[in-house]
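> Predicted model and sequence follow; I will ask about them next.
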Amino acid sequence: MTSAVVSPRARSGEWFMLYAVSILAALVLSAALVEATGGDWRPVVNALLDGSLRRPGRWGETLGTAAPMLLVATGTIISSKGGLINIGQEGQLFVGAAFATYFGFLLGGPGPLNVSLILIFGAIGGALWAGVAAGLKFWRNVPEVLSTLLLVTVGGQLVAYGLSQPWLLLAPLADRGNRNQVSVQLAEDNRLPRPEIFGNEIPLAVLLGIVLAIVVSFALSRTVWGFRLRMLGRNPRTAQRSGVAQTRYGASALMLSGAFAGLAGAAMLAGGGFAFGNYQLVPGFSTNIGWTGLLVALVAREKALVAIPVAFVFAGLRTGSSFVGATGVEGRITDVIQGFLVLALLVPPAVMFLRDRRRARAAATERV
Amino acid sequence: MISGFFEAIVDIASSESTYINGALFAAFLAFAASGEWVAERAGTLNISVEGMLLGGAFTSAIGYDITESVLIGLFAGVLGGLIIAGVQAEMSHRLSADQFVVGLTLNILVFGLAGFLDNELEPATKLAGRWNIPLLSDIPLVGQALFGQRWPFYVLYALIPFTWWLVFRTRWGLELRSVGESPQSADVSGIDVNKRRRQSIYYAGATSGLGGAFLVFGQVGLFEDSIVGGRGFIAIAAVIFGGWTLRGTIAGCVIFAGALSFRLSIQGLGYEVNSELLQSLPFLVTLFGMALFAHRVRAPGALAQPFVRGLK
């Protein structure tokens, strides 16, 4: 929908202005909220920067938090390209992590091999959980928006159940002290390595996330599979007529997005770090990473490469939030900032769409 | 084992508290679902209903905290629902942002806002007074459940017939349904499609806000950010389960509320059941309900499809 009336340069200027104004509005609104509740916004900004970047070891932490978000977002982009709305990543991630834990111990095996197996089983678990929603959608006509979402709660409770049963995930009594509901800790050589650079530990999962985002971006824009998936998303009827089986492509896209969420869960488990606990599964392990990853995908507007920087920003908000509490402002302000930001970023494309239409119409009437 | 199971079922079915809790859950779902049904008949699968419920619950608590009046609290709840509906409606049906993306973002934003502001402001609330309808509330088993509740409950008895009348007996309702079935034809016959859709979302916001207020004053008595806990989505499921008829939607609310209430009763009566599996029971029932019925019914023709003139 490019309009011939405006030069490309003026258009990009318009884009820039729209984004600048929306983001500024979101930030001003958040600051106003802090002020209105008796806080001061300046120390909050400082705390956020300290917590996410400036203090020693913090930017490694931010990168480590961004990795699973990026994986989740990449998966979400696959399913939304195919016109499917998967909003159950939180559950898929958790189930994936549970699969990874269970099979990681069942199989054992030498270190590096087992790490890859853990990641693969995480992906399988996530894919199966999303597959339930895919099955309900394509055989029983249940909208995936709802089924994926309802399965979040069910998945969380199912894993919690597994964590209460010794034959499933619960660690033997000797390994868990007096805590109940924890799994066995991953052995030293079953963990993802974390090389140290400039005093920051960089989890390898970051690399995995970035590489996969690039691969997916390429696959979606440059392969036959990607083309068919996009066709399905844009116009299912055309896709059907030209031989793209909705069931096969749709279900596989949904399961693939679940696989990415499950992979993120397994990476959180094997990557450890103080953000994600101690290389073991506990109830509430997923800590909203699935939800935030979904937001990252929404902001990135179906572009896997854009998701990379967005994931880092959102991870920064998260790692920074633990420092906000010290300023006397409730740490949950970062949830609010995040929400406002996402909402604000929805506005420019929508406004631009309307402007383009108006211009096209004006151009058409002039010609007559 | 089996006989114990039947014993438990009989025990639960003959306990009055099962019905009282069931009616409370069903009423809460029905407030949200009746508005959601209107929005869906107009063609919007409005997933921000969860945020509307939570927002309504929060503003109603604030309203009560300031004025100490439950009635004003209810109105404040409606206002809160309307504000969120405003963002949803204007962004998805004036600007052309994706309705799911807007709804999802709103749910997360409202959750953050309500949590943040609740911790900062800590509004104090209370339960509304209990009204026993004479004679009717003496019916065994279900009397207290249907006619012995706190007074915001009874708003529902007016709301549902009103919603039916609005959708099936007014010109506005006819236009609304036509917009949901075939926006192109509605547009050609002079109906402002997106305006009707916005109005339907505002209606959903109002009833959901009322539902949130009911939750605060009629059932829980205080506000916390986990008060809705995903039940907004069960309300959406009830609409789908009910095949987009008002009667079916209410039936869906009652069935899903039954599962919620069963969960409470079985623990209250002292039966040993794994609590994790029990927690997911309402959601499983909802999923099974939809799996059984969702493919048999016909959705509004243009459900979840945005309308832009000239594009199809």
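It's in.
> Please make it C-alpha for all contacts and neighbour counts, starting now.
OK.
> three-state assignment of B:Glu272?
Three-state assignment for B:Glu272 (DSSP: H, G, I helix; E, B strand; the rest coil): coil.
> In chain A, what residue lies closest to chain B?
Across chain A, the shortest distance to chain B (C-alpha to the nearest C-alpha) belongs to A:Gly339, at 4.3 Å.
> So which other helices or strands are in contact with the one helix or strand that residue maps to?
Assigned by DSSP states H and E, A:Gly339 falls within helix A:333-367. When contacts are defined as 3 or more C-alpha pairs under 8 Å, 6 or more residues apart in numbering or on different chains; DSSP states H and E, helix A:333-367 sits against helix A:8-36, helix A:289-300, helix A:304-324, helix B:99-121.
> which ones are touching A:Pro68?
A:Pro68 sits next to A:Ala205, A:Val206, A:Gly209, A:Ala261, A:Ala264, A:Gly265, A:Ala267, A:Met268, A:Ile289, A:Gly293 when contact means C-alpha atoms under 8 Å, 6 or more residues apart in numbering or on different chains.
> same check, this time on A:Ser80
Contact analysis of A:Ser80 by C-alpha under 8 Å, 6+ apart lists A:Asn86, A:Gly233, A:Glu302.
> try 10 Å
Shown in contact with A:Ser80 (C-alpha atoms under 10 Å, 6 or more residues apart in numbering or on different chains): A:Asn86, A:Leu229, A:Arg230, A:Gly233, A:Gly250, A:Ala253, A:Leu254, A:Ser257, A:Ala297, A:Leu298, A:Arg301, A:Glu302.
> Could you single out the nearest of those residues to A:Tyr279?
For these, the minimum distance to A:Tyr279 (C-alpha to C-alpha) is 23.8 Å, reached by A:Ser257.
> Which positions in the helix or strand that closest one falls within come out as buried?
Remark: A:Ser257 resides in helix A:246-271, with elements defined by DSSP H and E. By neighbour count on 16 or more other C-alpha atoms under 10 Å in any protein chain shown, the buried set for helix A:246-271 is A:246, A:249-271.
> One more: stretch A:41-51?
Within stretch A:41-51, the residues scored as buried using 16+ other C-alpha under 10 Å are A:Trp41, A:Val44, A:Asn46, A:Ala47, A:Leu48, A:Leu49, A:Asp50, A:Gly51.
> now, which of those lie within helices?
Among these, the ones falling in helices (DSSP state H) are A:Trp41, A:Val44, A:Asn46, A:Ala47, A:Leu48, A:Leu49.
> Dump those residues to JSON lines, plus pLDDT and distance to chain B.
As requested, those are exported to JSON lines (pLDDT from 0 to 100; distance: C-alpha to the nearest C-alpha, whole Å):
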{"residue": "A:Trp41", "pLDDT": "88", "distance to chain B": "15"}
{"residue": "A:Val44", "pLDDT": "89", "distance to chain B": "14"}
{"residue": "A:Asn46", "pLDDT": "89", "distance to chain B": "19"}
{"residue": "A:Ala47", "pLDDT": "90", "distance to chain B": "17"}
{"residue": "A:Leu48", "pLDDT": "90", "distance to chain B": "17"}
{"residue": "A:Leu49", "pLDDT": "90", "distance to chain B": "20"}
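> Spell out which residues of the stretch 201-312 of chain B are next to chain A.
The stretch 201-312 of chain B has residues B:229-231, B:233-234, B:236-237, B:240-241, B:274-284, B:286-297, B:308, B:312 near chain A, with proximity defined as C-alpha under 10 Å from any C-alpha of the partner chain.
> For chain B, which residues score under the pLDDT cut-off?
By pLDDT under 70, the weakly predicted segments of chain B are B:1-3, B:310-312.
> Looking at it, which residue is nearest chain A?
Closest point on chain B to chain A, by C-alpha to the nearest C-alpha, is B:Leu109, at 4.3 Å.
> Surely that residue touches A:Leu343?
Yes. Taking contacts as C-alpha atoms under 10 Å, B:Leu109 lies within contact range of A:Leu343: 8.4 Å.
> Report the set of residues contacting both of the two.
A:Ile337, B:Gly103.
> do you know which of the helices and strands packed on helix A:333-367 lies nearest A:Phe105?
Ranking those by proximity to A:Phe105 (C-alpha to C-alpha) places helix A:289-300 first, at 24.2 Å.
> could you say what helices and strands the closest one packs with?
Applying 3 or more C-alpha pairs under 10 Å, 6 or more residues apart in numbering or on different chains; DSSP states H and E, one finds that helix A:289-300 contacts helix A:58-81, helix A:89-107, helix A:246-271, helix A:304-324, helix A:333-367, helix B:99-121.
> Report the inter-axis angle for the third one versus helix A:58-81.
Note on geometry: by axes from the mean of the first three to the mean of the last three C-alpha atoms, to 10 degrees, helix A:246-271 and helix A:58-81 are set 170 degrees apart in direction.
> Helix A:246-271: how far from the chain's middle?
Averaged C-alpha coordinates place helix A:246-271 at 11 Å from its chain's average position (C-alpha atoms, centre = their mean, to the nearest Å).
> what about it and chain B, touching?
No. Counting by C-alpha under 10 Å from any C-alpha, no contacts exist between helix A:246-271 and chain B, the nearest distance being 15.1 Å.
> Quick one: mean pLDDT for that helix?
Mean per-residue pLDDT for helix A:246-271: 94.
> Report the inter-axis angle for that helix versus helix A:289-300.
Inter-element angle recorded for helix A:246-271 and helix A:289-300: 120 degrees (by the same axes, to 10 degrees).
> just the angle between helix A:246-271 and helix A:89-107, please?
Interaxial angle of helix A:246-271 relative to helix A:89-107 (the same axes, to 10 degrees): 60 degrees.
> Counting by contacts, list what helix A:246-271 packs against.
On a contact count with 3+ C-alpha pairs under 10 Å, 6+ apart, helix A:246-271 meets helix A:58-81, helix A:89-107, helix A:111-140, helix A:144-162, helix A:205-222, helix A:224-234, helix A:236-241, helix A:289-300.
> so that helix versus helix A:111-140, what angle?
Going by the same axes, to 10 degrees, helix A:246-271 is angled at 150 degrees with respect to helix A:111-140.
> Contact residues of the stretch 51-200 of chain B facing chain A?
Counting by C-alpha under 10 Å from any C-alpha, the stretch 51-200 of chain B sits next to chain A at B:87, B:91-92, B:94-98, B:100-117, B:119-121.
> Mind doing that once more with 7 Å?
Proximity of the stretch 51-200 of chain B to chain A, by C-alpha under 7 Å from any C-alpha of the partner chain, involves residues B:Leu95, B:Ser96, B:Ala97, B:Val101, B:Thr105, B:Ile108, B:Leu109, B:Gly112, B:Leu113, B:Phe116, B:Glu120.
> And those, which is closest to A:Thr334?
If you rank those by distance to A:Thr334 using C-alpha to C-alpha, B:Gly112 comes first, at 8.1 Å.
> Now do the contacts for the closest one.
For B:Gly112, the contact set (C-alpha atoms under 7 Å, 6 or more residues apart in numbering or on different chains) comprises A:Arg332, A:Asp335, A:Val336.
> Out of these, which one has the lowest pLDDT?
Among those, A:Arg332 has the lowest pLDDT, at 84.
> so where's the stretch 151-300 of chain A shaky on pLDDT?
Flagging of the stretch 151-300 of chain A using pLDDT under 70 yields the residue ranges A:174-175, A:177-179, A:199, A:273-276.
> Could you tell me which residues make contact with A:Ser164?
Applying C-alpha under 7 Å, 6+ apart, we find A:Ser164 in contact with A:Leu170, A:Gln181.
> Fine by me, we can end here.
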